[in-house]
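Student: pasted the sequence and its predicted model underneath.
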Amino acid sequence: MANMQILAAQKRMKEKALADLEARGLSFLSKRKELEERAEKVETEQDLNTIVAETDENDGNIRENEEQQEALRTEIAGIDTQMADFEKRLGQAFKETKKRGGNMTEEMEEKRAAINGYIRKRAVAGITSTTAEVTIPAEILYNPQDELKTLLDLSKYVTIANVTAASGKYPVRKRANATLASVIELETNPKLADPSFNEVPWEIETFRGAIAISQEAIDDSAIDLIPLVAKDAAEQKLNTVNGKISAVLKTFTPLTVTGVDGIKEIVNKKLDRAYERMIIASASFYHAVDTLKDKDGRYLLQQDIKSPTGHVFLGMPIEIVNDTDLGAEGDAKAFIGDVKRGVFMANRKDLEVKWVDHHIYGEYLRAGIRFGITKADANAGYLVTYTPPVGE
């Protein structure tokens with residue numbers, strides 16, 4: 001069986017080949033649209049035959065491209081299976097070694113090195129024996145416990161599109177206001193009004209960082225540092241994306257409301273009926289509405305297993321973020337509206353964690369993502385500040 005480094009390299013090359021095929025596929029689809037437009041304007045049979053021949057050739061290219069993409073995805077899935085099997089075998093071997101009560105043999109060291117090998121480099125500055133001391137035992141082995149903290153992913157509520165360029169425009173169709181015309185029987189159909197669009201510009205930003213790990217920290221650690229570092233990098237990515245989404249939510253039209261009637265006015269009158277309703281609430285906003293009741297004494301905030309968040313307020317799913325995500329500490333603020341219509345995320349490249357060269361230390365672990373987040377529809381919601389009625 002190939003070791004982990006070889007499998008990772010194979011996967012990297014196949015993913016690059018897949019990205020190239022996807023880019024070519026887009027060009028074939030663009031060609032198809034161009035041929036369709038030419039066909040609408042064709043005037044001679046000779047020109048039409050030319051378009052038919054080009055269309056057949058282009059459709060063949062599309063089918064071949066899709067088959068090649070599917071084959072590569074199957075190969076990548078196979079590599080993922082091999083990597084998972086490799087890690088499973090390593091874990092079983094490690095448990096058997098511990099059960100026998102002996103130290104790891106040279107064979108076990110080689111197997112573990114297959115996974116940890118790519119971070120077992122010469123000593124570097126960054127994570128040292130001192131900073132990693134919670135994972136380095138004096139006499140016993142143990143795993144560090146994660147700090148209890150809620151991890152929220154706001155990106156699951158917004159519109160996401162994978163892009164291949166550094167910038168572009170995202171078309172948002174405006175609501176149709178035109179109506180159909182009345183015609184007499186057998187009269188020619190009048191032309192419908194053309195749909196209108198808002199072109200929302202987006203631009204990709206690059207976010208990256210690096211973490212260096214000393215050889216001493218790796219050698220003396222009681223756990224594999226690979227998943228620990230990768231998990232931390234993934235959490236940093238989540239924090240970055242959430243921060244950018246929160247920054248966009250704060251740019252929506254601000255409104256100050258008093259009591260539950262003020263919130264109902266936004267939901268019933270100010271927000272167009274075509275929009276979905278959802279609340280992204282600060283902890284202080286959530287605390288303020290948590291005890292609100294209707295005239296029959298029933299709490300307005302209720303549990304709902306059908307809601308993606310598990311709770312609803314006035315029939316709307318409600319998600320909780322930190323106060324500082326939407327304002328200052330103690331601010332009872334919330335975004336109320338259609339998050340998916342309001343926020344657009346252009347995803348250029350997802351999180352990657354890999355070793356790169358360093359001019360002093362030799363190599364260190366780098367994490368990077370590329371994406372852009374922008375407001376797609378300014379009318380999709382409001383940034384609400386809640387104040388309780390006088391006397392409450």
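Tutor: Arrived safely.

Student: next, the contact list for the closest residue to Leu249 other than its chain neighbours, please.
Tutor: With C-beta to C-beta, 6 or more residues apart in numbering as the criterion, Leu249 has its nearest non-adjacent residue at 4.4 Å, and that residue is Phe335. Where C-beta positions appear, they are placed from N, C-alpha and C, glycine not excepted. Each residue near Phe335 by C-beta atoms under 8 Å, 6 or more residues apart in numbering is listed here: 249, 252, 279-280, 326, 342, 381-384.

Student: and those residues, which are buried?
Tutor: Among the contacts of Phe335, those classed as buried by 16 or more other C-beta atoms under 10 Å are 249, 252, 279-280, 326, 342, 381-384.

Student: how about those residues in CSV, adding pLDDT, secondary structure and distance to Asp85?
Tutor: Below are the buried ones among the contacts of Phe335 laid out as CSV (pLDDT from 0 to 100; DSSP: H, G, I helix; E, B strand; the rest coil; distance: C-beta to C-beta, whole Å):
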residue, pLDDT, secondary structure, distance to Asp85
Leu249, 95, helix, 43
Phe252, 96, coil, 48
Ile279, 94, strand, 44
Ile280, 94, strand, 41
Leu326, 93, helix, 45
Gly342, 92, helix, 43
Gly381, 94, strand, 47
Tyr382, 96, strand, 51
Leu383, 96, strand, 49
Val384, 95, strand, 51
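
Student: now do the phi/psi pair for Leu152.
Tutor: Per-residue torsions, Leu152: phi -110, psi 140 (degrees, to the nearest 10).

Student: ugh, typo on my part, it should be Glu57
Tutor: When read as degrees, to the nearest 10, the backbone of Glu57 gives phi -60, psi -40.

Student: quick one on the thing from earlier: tell me the one of the contacts of Phe335 nearest Lys33?
Tutor: Gly342 (28.9 Å; C-beta to C-beta).

Student: separation between the closest one and Arg24?
Tutor: From Gly342 over to Arg24 the distance is 34 Å, taken as C-beta to C-beta, to the nearest Å.

Student: likewise for Ile305?
Tutor: Plainly put, Ile305 is 45 Å away from Arg24 if you go by C-beta to C-beta.

Student: more neighbours: those two, which one.
Tutor: Arg24 (16 against 5; other C-beta atoms under 10 Å).

Student: average pLDDT for whichever strand or helix holds Ala367?
Tutor: Per DSSP states H and E: Ala367 is located in strand 362-375. Strand 362-375 shows a mean pLDDT of 78.

Student: strand partners of it, parallel vs antiparallel please.
Tutor: Paired with strand 362-375 in the same sheet, following DSSP bridges, are strand 205-211 (antiparallel), strand 343-358 (antiparallel).

Student: what's the least confident stretch among those?
Tutor: Across the strands paired with strand 362-375, the lowest-scoring stretch is strand 343-358, with a mean of 75.

Student: contacts only, for Pro254.
Tutor: Pro254 neighbours (C-beta under 8 Å, 6+ apart): 382-385.

Student: can you check Leu301 too?
Tutor: The contact partners of Leu301, by C-beta under 8 Å, 6+ apart, come to 289-290, 292, 311-313, 318.

Student: go ahead and confirm Ala17 touches Leu72.
Tutor: Yes: when contacts are counted by C-beta atoms under 8 Å, Ala17 is listed as touching Leu72 (6.0 Å).

Student: more neighbours: which of these two?
Tutor: Taking neighbours as other C-beta under 10 Å, Ala17 and Leu72 compare with Leu72 leading, 19 against 15.

Student: which element, helix or strand, includes Glu37?
Tutor: Applying DSSP H and E as the criterion places Glu37 in helix 4-41.

Student: what comes up buried for that helix?
Tutor: By neighbour count with 16+ other C-beta under 10 Å, helix 4-41 contains the buried residues 4, 7, 10-11, 14, 18, 21, 24-25, 28, 31-32, 35.

Student: tell me the mean pLDDT for that helix?
Tutor: For helix 4-41, the per-residue pLDDT averages 81.

Student: show me what it is packed against.
Tutor: helix 45-99, helix 106-116 (3 or more C-beta pairs under 8 Å, 6 or more residues apart in numbering; DSSP states H and E).

Student: least reliable of these going by mean pLDDT?
Tutor: Looking at these, the weakest mean confidence is helix 106-116, a mean of 53.

Student: continuing past it, what's the next helix or strand?
Tutor: Toward the C-terminus, helix 106-116 is succeeded by strand 159-162 as the next helix or strand (DSSP H and E).

Student: that following strand pairs with which strands, parallel or anti?
Tutor: Strands adjacent to strand 159-162 in the sheet, as given by DSSP bridges, are strand 343-358 (parallel).

Student: just the buried positions in the helix or strand containing Gly262, please.
Tutor: For Gly262, the host element (DSSP H and E) is helix 259-265. Across helix 259-265, burial judged by 16+ other C-beta under 10 Å covers 259-260, 262-263.

Student: and which of the residues you listed is nearest Thr44?
Tutor: Closest approach between the buried residues of helix 259-265 and Thr44, by C-beta to C-beta: Ile263, at 64.3 Å.

Student: any idea how far the closest one is from Glu87?
Tutor: Here the criterion is C-beta to C-beta. By it, Ile263 lies 49 Å from Glu87.
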